[in-house]
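[1] what's the 3D shape of this:
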Amino acid sequence: MHPSCLNLVTDPWLPVHRRSGMSATIRPAQIVEDIATDPVVAIDWPRADFRIASLEYVIGLLATACPPRDQDAWIERWEEPPSVAELDAAFAPVADAFRLDGPGPRFLQDMEDLQSDREPVERLLINAPGDSTVKKNADLFVHREQIAALGRPAAAMALFTLQSWAPSGGAGNMTGLRGGGPLVTLVLPHESANIWEIVWANTPIGSPVQEVDLPHVFPWLAPTIGSGKNGTSVRPGHNAHPLQCWWGMPRRIRLDFQAAEGGVCDLTGRRDDVLVTGWRQRPYGASYAGWTGMPYGAGAMIHPLTPRYRQKKDAEWLSVHPQPGGIGYRHWTGLVVNSGDGQRLPASAVLTWRDARFPDIAGTGRTRLLAAGYDMDNMKARGFVESEMPLPGATDPACQEALDTLARDCVEAADLVAALLRTYVRDALFGKGTVSPDAILLAGVREQFWTHTEGAFFDLVNRAARVAGQDDTGPDDTGLRKDWLRTIGWAAMTQFDATIVLAPDTGMTEAQRSAQARRQLRMAVAGSGKAGSAIMVALKIPVPVIRKPIARARRP
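    Now for the predicted structure:
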């Protein structure tokens, strides 16, 4: 008997963990199953990128099929989640778009049966070595030929991850709707949040897709809008629906399915009677250049889960991407709060949570921010970055603004001190201007500074949030600002002394150079001189006025 086709809405395929520790494979509607007694608390893929992409997938499904119509509707479902039957009914109108294999349109695959050379299935994975790496025998950390076949569930998630985050891949291989390797930010509403609470916390307000709009939301239901010589870009309101931000399809791909009774997925170890052993692709799929989505506040929403920025006013909005060094509090401006000049904006899901949802459900627990994504160097994945940080807030808008201003100012001051530390360490080691501040050693000194002050930053912001919760008049935070100045000053001096170590055989020139650099750093973090004044101004602490001594008149 020929195995049935896999439908990613109506069939169980998502591996999960429940609070009891039990593992299960569920269909998307079952994320609310046994929610009161044994809820689903984690997605159980063996890859971090799949776990984050799965959350995106479920949020996108909710945003497309049954989003909250307004804030009241969101709160209603927060307090009383839907049943499995209700979600099944909500997803039913879009289910036909989610067939992975079989005849007719296939999920995230080109409508045409593409004719091209066959690619190994492992190259669906973003971090798999490419042709150039294999030819140069340079696959030292991620080796080739580790995965020869994927079960359909893993293949579906690999396909979704690639299409959503597609990096550049040579001529004609288009990047994802958010560019290659976007940063994904998700609100984790409290410490013990289940999967329903996580995905619902990040689901935007909207309207369910109408049947007439299905081909504009799910591009595989229609012929590919090519981007070649005579092609065009895909834009909402022009040839796409804004909801396509969840279902972008920049690559023209067809998976090759092979019946394999009792087959085993090389990635998960799970059995499947149909395996994916390869895939075919053609160049010049959809181009999402210029995609801006629907307006949100002062900016433009490229994707609800990705922060954005622009180089200057009236320039195109771009997605934020992970960078070397990971994600931490230094990225607070742009991930959690708008930048002072309005050119860096958090993901709309984060803004909606802090502006509307947190005030309505405050007290459910400590909220955190999950940030993740591939750090890409063009088409090469340098690594997958994933980190969490506290996301404190206040229920009163005025107190929230004061809290955000404090955090923004503290990060700006820390950035100034980190730059000074790097400069004075360079001066101590090599002399002025002889080595670039971006040298690996100096970059490491700066990274250590950020690492050593991260805990203190969140302690300070949490203290400010607690005070804000007790005093809706907007408390004076001058004391907190002065505490932060002492913290970053101490951290800079400690890092300098740990890096610049004088030995008995240190030459006089080197010793004098080191002593002078240390003195200048010490003066700056104490608020003296031009550099010190800039730190004080960033923290909105009065710059001390240094009065010149009055010359005494000489006696006749």
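[2] can you pull the contacts of the residue nearest to the spatial centre of the chain?
    The residue lying closest to the centre of the chain (C-alpha atoms, centre = their mean) is Val184, at 2.5 Å. Residues counted as contacts of Val184 (C-beta atoms under 8 Å, 6 or more residues apart in numbering) are Ile52, Glu56, Leu305, Thr306, Ala371, Ala372, Gly373. Yep, even glycine has a C-beta here, placed from its N, CA and C like the rest.
[3] Looking at those residues, which are in helices?
    Judged by DSSP state H, the subset of the contacts of Val184 located in helices is Ile52, Glu56.
[4] Max pairwise distance over the contacts of Val184: which two?
    Largest separation among the contacts of Val184 by C-beta to C-beta: Glu56 and Ala371, giving 13.3 Å.
[5] between those two, who's got more neighbours?
    Ala371 (25 against 22; other C-beta atoms under 10 Å).
[6] Could you pull out the helices in the stretch 351-500 of the chain for me?
    Remark: helices assigned in the stretch 351-500 of the chain by DSSP state H, counting those that start in this stretch are 358-361, 397-430, 440-470, 478-499.
[7] what's the spacing between the nearest residue to Gly383 once chain neighbours are set aside and Phe384?
    Excluding the flanking residues, the one nearest Gly383 by C-beta to C-beta, 6 or more residues apart in numbering is Asp375, at 5.2 Å. With the distance defined as C-beta to C-beta, to the nearest Å, Asp375 ends up 8 Å from Phe384.
[8] now swap in Ala456 and tell me
    28 Å.
[9] for Pro103, same thing?
    On the measure of C-beta to C-beta, Pro103 and Phe384 end up 36 Å apart.
[10] between those two, who's got more neighbours?
    Phe384 (17 against 7).
[11] Can you name the residues that contact the more buried one?
    Ala48, Asp49, Asn127, Ala372, Gly373, Tyr374, Asp375.
[12] Which of these sits closest to Asn230?
    Tyr374 (31.8 Å).
[13] Next, count neighbours for that closest one.
    For Tyr374, using other C-beta under 10 Å, the count is 24.
[14] give the contact list for it.
    So Tyr374 contacts 49, 126-127, 165, 167, 180-181, 322, 381-385 (C-beta under 8 Å, 6+ apart).
[15] how about those in a markdown table, adding pLDDT?
    Shown next, in a markdown table, are those (pLDDT from 0 to 100):
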| residue | pLDDT |
| --- | --- |
| Asp49 | 97 |
| Ile126 | 94 |
| Asn127 | 90 |
| Trp165 | 96 |
| Pro167 | 91 |
| Gly180 | 91 |
| Gly181 | 92 |
| Pro322 | 92 |
| Ala381 | 88 |
| Arg382 | 89 |
| Gly383 | 90 |
| Phe384 | 94 |
| Val385 | 93 |
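[16] got a winner among those for most neighbours?
    Trp165 (30 neighbours).
[17] Tell me if I'm right that it and Leu183 touch.
    No. In this structure, Trp165 is not within contact of Leu183 by C-beta atoms under 8 Å, at 9.9 Å.
[18] and the spatially closest residue to Ser387 that is not a sequence neighbour, what pLDDT?
    Closest residue to Ser387 apart from its sequence neighbours, by C-beta to C-beta, 6+ apart: Ile327 at 4.6 Å. According to the predicted model, the pLDDT of Ile327 comes to 91.
[19] Ile327 against Glu388, yeah?
    No. In this structure Ile327 lies outside contact range of Glu388 using C-beta under 8 Å: 9.3 Å.
[20] list residues touching both of Trp165 and Leu183?
    Joint contacts of Trp165 and Leu183 (C-beta under 8 Å, 6+ apart) are Gly373.
[21] Convert the C-alpha atoms of stretch 302-314 to CSV, please.
    The C-alpha trace of stretch 302-314 is given here as CSV (Å, rounded to 0.1, in the frame of the first residue of the first chain):
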residue,chain,number,x,y,z
ILE,A,302,9.3,43.6,7.5
HIS,A,303,8.4,40.7,9.7
PRO,A,304,6.7,40.7,13.2
LEU,A,305,9.5,38.7,14.8
THR,A,306,12.5,40.6,13.4
PRO,A,307,13.9,44.0,14.5
ARG,A,308,14.7,46.5,11.7
TYR,A,309,16.9,49.4,11.0
ARG,A,310,17.8,51.9,8.3
GLN,A,311,20.9,53.8,7.5
LYS,A,312,19.3,57.2,7.3
LYS,A,313,15.8,58.8,7.4
ASP,A,314,13.7,57.9,4.4
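[22] Would you indicate which residues of that stretch are buried?
    Buried residues in stretch 302-314, counted by 16 or more other C-beta atoms under 10 Å: Ile302, His303, Pro304, Leu305, Thr306, Pro307, Arg308, Arg310.
[23] can you list contacts of that stretch?
    By C-beta under 8 Å, 6+ apart, stretch 302-314 touches 56, 59, 63, 177-178, 182-186, 202, 204, 245-246, 291-293, 299-301, 316-320, 334-335, 339, 343-350.
[24] what's the answer for stretch 45-58, then?
    14-15, 28, 31, 42-43, 125-127, 154, 157-158, 160-161, 164-165, 184, 186, 195, 198-199, 202, 246, 267-268, 305, 370, 372-374, 384, 386.
[25] Low-confidence stretches in this structure?
    Regions of the chain meeting the criterion pLDDT under 70 cover residues 1-2, 129-145, 293-300, 362-365, 433, 436-438, 440, 468-475, 544-556.
[26] Break it down into its structural domains.
    1-391, 395-556 (automatic domain parsing).
[27] and among the ones you listed, the most buried is which?
    domain 1-391 (a mean of 18; mean count of other C-beta atoms under 10 Å).
[28] How far off centre is it?
    12 Å (C-alpha atoms, centre = their mean, to the nearest Å).
[29] Number the residues from 443 up from this point.
    With the count now opening at 443, the last piece we talked about shows up as domain 443-833.
[30] separation between the residue nearest to Ser610 when sequence neighbours are not counted and Val526?
    The shortest distance from Ser610 to any non-neighbouring residue, by C-beta to C-beta, 6+ apart, is to Met821 (4.9 Å). Distance of Met821 to Val526, given as C-beta to C-beta: 41 Å.
[31] Repeat that for Pro535.
    Taken as C-beta to C-beta, the span from Pro535 to Val526 is 17 Å.
[32] again with Asp901
    Taking C-beta to C-beta, one finds Asp901 at 42 Å from Val526.
[33] again with Trp774
    Counting by C-beta to C-beta, the separation of Trp774 from Val526 is 39 Å.
[34] Likewise for Pro457?
    18 Å.
[35] before we move on, what about Ala598?
    21 Å.
[36] still on that earlier bit, next step: the contacts of stretch 487-500 restricted to strands.
    Mapping the contacts of stretch 487-500 onto strands (DSSP state E) picks out Leu456, Pro457, Ala484, Ile485, Val626, Leu628, Leu812, Ala814, Gly815, Tyr816, Phe826, Glu828.
[37] Any chance of CSV for those, columns distance to Ser465?
    Shown next, in CSV, are the ones in strands among the contacts of stretch 487-500 (distance: C-beta to C-beta, whole Å):
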residue, distance to Ser465
Leu456, 11
Pro457, 7
Ala484, 10
Ile485, 11
Val626, 25
Leu628, 22
Leu812, 22
Ala814, 23
Gly815, 27
Tyr816, 27
Phe826, 23
Glu828, 22
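[38] Show me which of those is closest to Ala976.
    For those, the nearest to Ala976 is Gly815 (32.2 Å; C-beta to C-beta).
[39] is it true that that closest one touches Pro764?
    Yes. The criterion here is C-beta under 8 Å, and Gly815 meets it with Pro764 at 4.6 Å.
[40] got any residues that touch both of the two?
    Gly623, Leu625, Val827.
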